[in-house]
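> sharing a sequence plus its predicted fold:
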Amino acid sequence: MNANWQYHLYKGFWVGLDWLFPPVCGGCGSPGTRWCLGCQEKVQGIENPFCDVCGLPQANSGLCDRCQQKRPSYKLLRSWAVFESPVRNALHRLKYRRDVGLGEALSNQVSSFVDQLNWPIDMVVPIPLGKERFKERGYNQVAMVAMPLSIRLGLDYHPTVLIRARETRSQVGLTAAERQENVRNAFFADGKKVDGRTVLLMDDVSTTGATLSSAAEALLASGAHDVFAITLARALPHHGLKIV
Ligand SMILES: [Zn+2]
Ligand SMILES: [Zn+2]
């Protein structure tokens, strides 16, 4: 199907809905738009230097200690923003308020970010929720951005390629080793869809990148050629999510 046509239809749907129910900004709550210019300008990117592989900010460039000890399964991980407001507010809203239009609005900035990475990717796969969590929430917040992002980038979108083999507890408050253990063998992938393809794997927030590495491992085991990973936000040590 023509991606452009699909995109205009999708976009038109939201323009129509905005006319019926005027939106508020997902970052600051001001009325009139889903992601206002002020918030767009306040997005705090990850500044150099950071780890060449996992993208974690550090004192020098090169590989961080963890990547030196053991390379993650994904090739590279980069994050669009630091886990601070207004992005933090927007992600909260996506997760708990089902603001699909906000996902579409964020995908605009995120697609520019992915474009400049120049990765040889050909399909977008969001990290899935476990069955129980999906039942509770009714939707996957990562898909809210991943779907419109794939349309903007002209890439295939495959939300059902990855499956959670089991429920995992939240990674918040766990050490790096505990995080790795918590998500070990947590995923399996549908080999027919990923065979020989280069995947853009996407999650909303990453800390150590353990979830993405575990999911990438499943994709590679099912025949994916390569896996590149992005998250919308990166939680850093001062955000209170225990890292080491
Ligand atoms: Zn705003
Ligand atoms: Zn690293």
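That came through, no problem. Ligands and ions are numbered 1, 2, ... in the order given.
> drop to CA atoms for contacts and neighbour counts, all remaining ones
OK.
> who's in contact with the residue nearest to the spatial centre of the chain?
In the chain, the centroid-proximal residue (C-alpha atoms, centre = their mean) is residue 203; its distance is 2.7 Å. Applying C-alpha atoms under 8 Å, 6 or more residues apart in numbering, we find residue 203 in contact with 126, 127, 142, 212, 230, 231, 232.
> near ligand 1, which residues of the chain show up?
Contact residues (C-alpha under 5 Å from the ion) of the chain with ligand 1: 25, 27, 28, 36, 39.
> coming back round to it: pull out the buried members of the contacts of residue 203.
126, 127, 142, 212, 230, 231, 232 (16 or more other C-alpha atoms under 10 Å).
> what helix or strand does residue 104 sit in?
Residue 104 is located in helix 100-117, with elements delineated by DSSP states H and E.
> so of the contacts of residue 203, which ones are in strands?
Using DSSP state E, the members of the contacts of residue 203 that fall within strands are 126, 230, 231, 232.
> wait, doesn't the last one sit right on residue 80?
Yes - applying C-alpha atoms under 8 Å, one finds residue 232 in contact with residue 80, separated by 5.0 Å.
> which residues do these two both contact?
Contact criterion C-alpha under 8 Å, 6+ apart; residues shared by residue 232 and residue 80: residue 110.
> quick one, what contacts residue 157?
Contacts for residue 157 (C-alpha under 8 Å, 6+ apart) come out as 123, 124, 125, 146, 147, 150, 151.
> sort out for me which of those are in strands.
Using DSSP E, the contacts of residue 157 in strands are 123, 124, 125.
> distance from the one helix or strand residue 8 maps to to the middle of the chain?
Per DSSP H and E: residue 8 is located in helix 3-20. Its chain's C-alpha centre and that of helix 3-20 lie 23 Å apart, by C-alpha atoms, centre = their mean, to the nearest Å.
> on that earlier part again, can I get the ones in strands among the contacts of residue 157 in JSON lines including pLDDT?
Output for these, formatted as JSON lines (pLDDT from 0 to 100):
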{"residue": "123", "pLDDT": "97"}
{"residue": "124", "pLDDT": "98"}
{"residue": "125", "pLDDT": "98"}
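> three-state assignment of residue 129?
Here residue 129 is recorded as coil under DSSP: H, G, I helix; E, B strand; the rest coil.
> now the element after the helix or strand of the chain with the lowest mean pLDDT, going C-ward?
Within the chain, confidence by mean pLDDT, DSSP states H and E is lowest for helix 3-20 among all helices and strands, at a mean of 75. Per DSSP H and E, helix 3-20 leads on to helix 37-42 as the next helix or strand towards the C-terminus.
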